[in-house]
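Asker: I would like to see how this sequence folds:
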Amino acid sequence: MATQSSTDHLVALLRDTIVALVRRDGVDLSARQLGVFMTCYLNDGAHTVRGLAQQLNVSKPAITRALDRLSDLDLARRKVDPADRRSVLVQRTTKGAAFMREIRHVMGDAASGKNSGETHGRRAAG
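Answerer: Got it, this is the predicted structure:
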C-alpha cells in the first residue's frame, strides 16, 4: 500500500509532467485523449473502439471522438479489421511513437526534478 508521501510524490510528478507538456509547442491532448493514446501505445496487441471503451470504462462514442482528434494529429489511425469488417482496429503511427518518446522524456525530467516549476524552453512535438 502506498504511503501518503509516495502518493503525494506521484501526484506532483503527474502535475510536473502535464505542466511541461502544456508549456511546450506541439499537441495538447485532453485527459481522455491522452488516456486513449497511452492505452494504445503502452498496451500491446490490437486495439478496437469496443475494446478501448471497455478497458477505459467509457462509451464508444467517447472513444470515437478521442480517436478523431488523435487521427487528425496523426498520433493514431483507424483501419477496418480484415477479419471482421464490422470492427475497426486502432493503429500506432510514427508520429505517435515519437510523441510517446517525448512524454517519457518529459516525465523522466519531471522525476529527476528538471522541470519542477521552473520555466522551460519549448520543444516541438515529434
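
Asker: for V90, which three-state class applies?
Answerer: Look at V90: counting by DSSP: H, G, I helix; E, B strand; the rest coil, its state is strand.

Asker: how many other residues sit next to the closest residue to it other than its chain neighbours?
Answerer: Among residues not flanking V90 along the chain, H47 sits closest, at 4.2 Å (Cβ to Cβ, 6 or more residues apart in numbering). (C-beta placed from N, C-alpha, C; glycine too.) Look at H47: counted by other Cβ atoms under 10 Å, it has 23 neighbours.

Asker: got the contact list for the helix or strand in which P61 is found?
Answerer: Counting by DSSP states H and E, the element that carries P61 is helix 60-72. Contacts to helix 60-72, defined as Cβ atoms under 8 Å, 6 or more residues apart in numbering, come from residues 29-30, 32-33, 35-37, 49-50, 52-53, 56, 76-78, 90, 96.

Asker: apply 10 Å and report the result again.
Answerer: The contact list for helix 60-72 (Cβ atoms under 10 Å, 6 or more residues apart in numbering) reads 27, 29-37, 39-40, 47-56, 58-59, 75-78, 88, 90, 93, 96, 99.
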